[in-house]
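*Asks:* Build me a structure from this.
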Amino acid sequence: MQNYQHELDARGLNCPLPILRAKKTIAGMQSGELVKIVATDPGSVKDFEAFCKQTGNELVESGSDGGAFAFLIRKH
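*Replies:* Residues are numbered from 1 along each chain as shown. Have a look, this model is predicted:
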């Protein structure tokens with residue numbers, strides 16, 4: 001993953017908490033900044049795709065590693 005300015009650990013949290021925490025983190029960011037989010041909820045993959053479409057933020061990268069899912073989101 002590229003360099004990012006913010007990181008959110010949402011491991012162990014179930015829907016909708018990863019999205020709610022991401023929304024709060026992104027609200028405090030400047031336009032163009034990146035946040036890396038790590039979650040363990042399998043539903044988070046579709047949740048973050050939908051979240052980015054609804055909010056206009058960019059899902060730059062996503063992937064999984066050892067049961068955790070990572071997302072890199074750029075604030076619009």
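*Asks:* can we go C-alpha only for contacts and neighbour counts from here?
*Replies:* Will do.
*Asks:* which residues of the protein fall in helices?
*Replies:* Under the criterion DSSP state H, helices of the chain are mapped to 17-27, 44-55.
*Asks:* Pretty sure Y4 sits against K36.
*Replies:* Yes: contact criterion Cα atoms under 8 Å: Y4 and K36 qualify, at 6.5 Å.
*Asks:* So which of these two has more stuff around it?
*Replies:* K36 (22 against 13; other Cα atoms under 10 Å).
*Asks:* partner residues bridging the residue positioned nearest the centre of the chain?
*Replies:* The structure's the chain has its C-alpha centroid closest to I37; by Cα atoms, centre = their mean the separation is 4.1 Å. Using DSSP bridges, the beta-bridge partners of I37 come out as L8, F71.
*Asks:* if I pick it, what's in contact with it?
*Replies:* E7, L8, D9, A10, A22, A70, F71, L72, I73 (Cα atoms under 8 Å, 6 or more residues apart in numbering).
*Asks:* So the third one versus T40, what's the distance?
*Replies:* D9 sits at a distance of 10 Å from T40 (criterion: Cα to Cα, to the nearest Å).
*Asks:* repeat for the fifth one
*Replies:* Summarising the geometry, the distance separating A22 from T40, computed by Cα to Cα, is 14 Å.
*Asks:* cool, the last one as well?
*Replies:* For I73, the distance to T40 under the criterion Cα to Cα works out to 17 Å.
*Asks:* Looking at the two, which is more packed in?
*Replies:* I73 (25 against 21).
*Asks:* thought that one was touching L34?
*Replies:* Yes: the pair I73 and L34 qualifies as a contact (Cα under 8 Å) at a distance of 5.5 Å.
*Asks:* Off-centre distance for stretch 45-53?
*Replies:* 9 Å (Cα atoms, centre = their mean, to the nearest Å).
*Asks:* try stretch 62-72
*Replies:* Relative to its parent chain, stretch 62-72 has a centroid offset of 10 Å by Cα atoms, centre = their mean.
*Asks:* And it, what's buried?
*Replies:* Within stretch 62-72, the residues scored as buried using 16 or more other Cα atoms under 10 Å are S62, F69, A70, F71, L72.
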